[in-house]
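1. need a structure here:
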Amino acid sequence: MHALTTTARSIAATPGKRLVGPAFCILFLLQGLVFIPCVGLQNDELLFTGPLYAPDTTVQGSIRILGHRIPTMLMVYVGALKAWIYRPILDLWPPSPWSIRLPVLFLGAVTIWLFFVLARNACGTGTGVIAAALLTTDATFVLTTCFDWGPVVLQHFLLVSGCLLLWRFHRTGALPCLGGGFFVFGAALWDKALFSWSLVGLLVAAAVVFPRALSSKLTLRNIAIAVAGFLIGAAPVLAYNAAEPLKTFRTTAQFSVTGVADKALMLRGALEGSALIGPSLSGYIVRDHSTPCPGRPANAFERASVELDTAAGPRAGLLPAAGILALILLPWLWRTPARAPMLFALIFSAAVWSQMAFTKGAGTGQHHAVLLWPFPQLFVASALAETAKRLGHRGLIAIVLVVVLVCGSNVLILNRHIAQLIGCGATTIWTDAIDPLAAYLRANPPGFPGASSGRVYLMDWGIFYPLLALSQGRLDLRFGWHSLDGGLDRADREVVVRMLADKDAVFVGHTAGNALVLGVSARLDELAQPLGYRKKVLTTISDRHGRPIFEVFRFLEGPSSNP
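-> Sure, this is the predicted structure:
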């Protein structure tokens, strides 16, 4: 106990302050590095590569400057900011799990550093240390950062950066910080229109918790600077919505009360850090033990991971329990400095979640729930740090133990993901079989044997962007499954007939039991046989656990030769 107390107090010392930020960044990076090679590149994770390798078919909005087409929007609510950032990176370092994931992992580490600085300066060193510790070890934050399929990494970075700039404006009156903060918020809205949730949350929380401070800053000069900064940062998405009148908001802002209870369960899973394993999502990233798990540890690290997971058993993270404890402590801490940050974090989180809860199609995935981060961690950290101050020596020991337990449970959840990936591997959406599939198609040009070029018809969702990125746009990829998804009208049949008659083409789909869009393969076979085509499987691609995931095939004239 004495050692824990001494350690906690040493952190508060000046030399400790300088080491805390880098220490948490390094810990976060080490955790993420373990996960980078464990799963294959995923379709949504690579959405931003569309403008780099297939701008004519993947860009929703663009502008022309000096004769060059500059992408601005990937989807009606997702901007091209990440594509702009990654273009020089991928020009030097071709797409791979490392080149795609390492940059966002570093950006996540920077976010942790900025969050620590913000919490420390605004709330005190103890709050900063606890908040950074909770965020660094948070399984949902680590995984949604490493595998940025949301995308959410830029959202977190820009949210924390903007808050830090505005806090400095509040303390110093520096107008560049005011303009910079709102410019950053505007860029975040361009990156993803769902940042409007965070803007509403920040506005409501500031108006409730800091009404006097907010009103004192509402001068014409400050408003003009804030609006100008925001408009400049959000210019691409605003220009798109001017050309396509409010298309972003017309297509995304639809009220619905359906599934609110399920969204609450999704939030709970995100707070616990266990929702990406299943069975709640049937294993979104990681297969659970309901599927065959043929994998075995290959080295000492993997053996230690599996043994630790076996010893710890299934468990959930303790952040929700810590949040309940903080709520219980809030009345007791009402007249302390912790009241303001706790209320701000609580109101922000409630406002953001309420918007996703009552928006049609929103709040159903971890990439939405995690947009509340890092304010749940700030809420808990403010309560624990202030409690430690008020209770003295024994209180400090108790709070250190609570933090160790919560962070320890987070680490066990992260380790559970690793152990499950070792034993069971990734789900079809994240399969590592995508790399050998791309290698096979590069080595065997479509139309083979005997042809030097041709088309690749993709017969399921989730294959396009990984193959586009891994081939750097050199494969002629076509969506083949769209015409077979649902009812077949005359136009759909004509498209399928043309695909079947394309002698230079190959088809790529998932094997039986791995299909994401059900019924496509059966409908294709039903149409092919009466037209006199037979399916010839050229190869089957398996994942590292030996499970067949993809099949590459052609259609030839004549009776089927496949069993």
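2. Tell me the buried residues in stretch 217-231?
-> Within stretch 217-231, the residues that count as buried by 16 or more other Cβ atoms under 10 Å are 217, 222, 225-226, 229-230. Glycine gets a C-beta too; all of them are placed from N, C-alpha and C.
3. for the record, mean pLDDT for it?
-> Computed over stretch 217-231, the mean pLDDT rounds to 96.
4. which other residues reach it?
-> 170, 175, 178-183, 185-186, 189, 238 (Cβ atoms under 8 Å, 6 or more residues apart in numbering).
5. what's Leu384 in contact with, if anything?
-> By Cβ under 8 Å, 6+ apart, the neighbours of Leu384 are 126, 130, 322, 326, 399, 402-403.
6. The residues you listed in helices, which ones?
-> 126, 130, 322, 326, 399, 402-403 (DSSP state H).
7. And for Gly361, the neighbour number?
-> 13 (other Cβ atoms under 10 Å).
8. Just want the phi and psi numbers for it.
-> Per-residue torsions, Gly361: phi 80, psi 0 (degrees, to the nearest 10).
9. same deal with Arg221?
-> With angles defined as degrees, to the nearest 10, Arg221 sits at phi -60, psi -50.
10. What of Arg69?
-> According to degrees, to the nearest 10, Arg69 has phi -90, psi 120.
11. After the lowest-mean-pLDDT helix or strand in the chain, heading C-terminal, what element do we hit next?
-> Within the chain, no helix or strand scores below helix 2-12, which has a mean of 43 by mean pLDDT, DSSP states H and E. Going down the chain from helix 2-12, the next helix or strand is helix 14-35, by DSSP states H and E.
12. now for that next one, which elements pack on it?
-> If you count contacts as 3 or more Cβ pairs under 8 Å, 6 or more residues apart in numbering; DSSP states H and E, helix 14-35 packs onto helix 2-12, helix 97-123, helix 125-137, helix 139-146, helix 375-423.
13. For the ones you listed, please prepare CSV with the additional fields distance to Leu33.
-> Shown next, in CSV, are the helices and strands packed on helix 14-35 (distance: least, Cβ to Cβ, whole Å):
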stretch, distance to Leu33
helix 2-12, 25
helix 97-123, 7
helix 125-137, 14
helix 139-146, 9
helix 375-423, 12
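14. do you know which of those helices lies nearest Asp502?
-> Closest to Asp502 of the helices and strands packed on helix 14-35 is helix 97-123 (Cβ to Cβ; 31.3 Å).
15. Could you list every helix and strand in contact with the closest one?
-> helix 14-35, helix 81-92, helix 125-137, helix 139-146, helix 153-172, helix 339-357, helix 375-423.
16. which of the residues in it are buried?
-> 97, 100-120, 122-123.
17. shaky segments in the stretch 251-400 of the chain?
-> 278-283, 289-291 (pLDDT under 70).
18. Let me see the domain layout of the protein.
-> Per the record, the chain has its domains at 17-428, 431-557, by automatic domain parsing.
19. Among the ones you listed, show me which one is buried the most.
-> domain 17-428 (a mean of 19; mean count of other Cβ atoms under 10 Å).
20. And that domain, how far out from the chain middle?
-> Taking Cα atoms, centre = their mean, to the nearest Å, one finds the center of domain 17-428 at 8 Å from the center of the full chain.
21. just use 19 as the starting number from now, easier for me
-> Happy to do that; since the first residue is 19 now, the last one works out to domain 35-446.
22. Okay, strands next: where are they in the stretch 169-318 of the chain?
-> Assigned by DSSP state E, counting those that start in this stretch, the stretch 169-318 of the chain shows no strands.
23. ok, which stretches of it are helices?
-> 171-190, 193-209, 213-227, 229-234, 238-251, 253-261, 265-270, 278-290, 318-330 (DSSP state H, counting those that start in this stretch).
24. I'd like those helices laid out as a markdown table, including distance to Val538.
-> Listed next are the helices of the stretch 169-318 of the chain as a markdown table, based on distance: least, Cβ to Cβ, whole Å:
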| stretch | distance to Val538 |
| --- | --- |
| helix 171-190 | 32 |
| helix 193-209 | 33 |
| helix 213-227 | 35 |
| helix 229-234 | 54 |
| helix 238-251 | 42 |
| helix 253-261 | 32 |
| helix 265-270 | 26 |
| helix 278-290 | 27 |
| helix 318-330 | 36 |
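25. Quick one: closest of the ones you listed to Gln49.
-> Comparison of these against Gln49 by Cβ to Cβ identifies helix 318-330 as nearest, at 12.2 Å.
26. Can you work out which other helices and strands pack against the closest one?
-> helix 393-441.
27. Which SSE is immediately downstream of the helix it packs on?
-> Assigned by DSSP H and E, the successor of helix 393-441 is helix 452-461.
28. Could you pull up the mean pLDDT of that next one?
-> 93.
29. That one versus helix 115-141: what angle between them?
-> 140 degrees (axes from the mean of the first three to the mean of the last three Cα atoms, to 10 degrees).
30. name the helices or strands packed onto helix 452-461?
-> On a contact count with 3+ Cβ pairs under 8 Å, 6+ apart, helix 452-461 meets helix 482-488, strand 524-528, strand 551-560, strand 566-575.
31. Which neighbouring elements make contact with the helix or strand following it?
-> Scanning forward in sequence from helix 452-461 by DSSP H and E, the next helix or strand is strand 473-476. Applying 3+ Cβ pairs under 8 Å, 6+ apart, one finds that strand 473-476 makes contact with helix 482-488, strand 494-497, strand 524-528.
32. residues in contact with the next helix or strand after the last one?
-> This means strand 524-528. Counting by DSSP H and E, the element after strand 524-528 in chain order, helix or strand, is helix 538-546. If you take Cβ under 8 Å, 6+ apart as the criterion, helix 538-546 is touched by 477-478, 499, 502-503, 506, 511, 514-515, 518, 527, 530, 533, 552-553, 573.
33. Nearest to Tyr458 among these?
-> For those, the nearest to Tyr458 is Gly527 (14.0 Å; Cβ to Cβ).
34. For Leu439, see how far away the residue nearest to Leu337 when sequence neighbours are not counted is.
-> Leaving aside its chain neighbours, Leu337 sits nearest to Leu289 (5.0 Å; criterion: Cβ to Cβ, 6 or more residues apart in numbering). To Leu439, Leu289 is 22 Å away according to Cβ to Cβ, to the nearest Å.
35. And for Leu232?
-> Counting by Cβ to Cβ, the gap from Leu232 to Leu439 is 46 Å.
36. still on that earlier bit, would you convert the contacts of stretch 235-249 into JSON lines that also reports pLDDT?
-> As requested, the contacts of stretch 235-249 are exported to JSON lines (pLDDT from 0 to 100):
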{"residue": "His188", "pLDDT": "94"}
{"residue": "Leu193", "pLDDT": "96"}
{"residue": "Leu196", "pLDDT": "97"}
{"residue": "Gly197", "pLDDT": "97"}
{"residue": "Gly198", "pLDDT": "97"}
{"residue": "Gly199", "pLDDT": "97"}
{"residue": "Phe200", "pLDDT": "98"}
{"residue": "Phe201", "pLDDT": "98"}
{"residue": "Phe203", "pLDDT": "98"}
{"residue": "Gly204", "pLDDT": "98"}
{"residue": "Leu207", "pLDDT": "97"}
{"residue": "Leu256", "pLDDT": "95"}
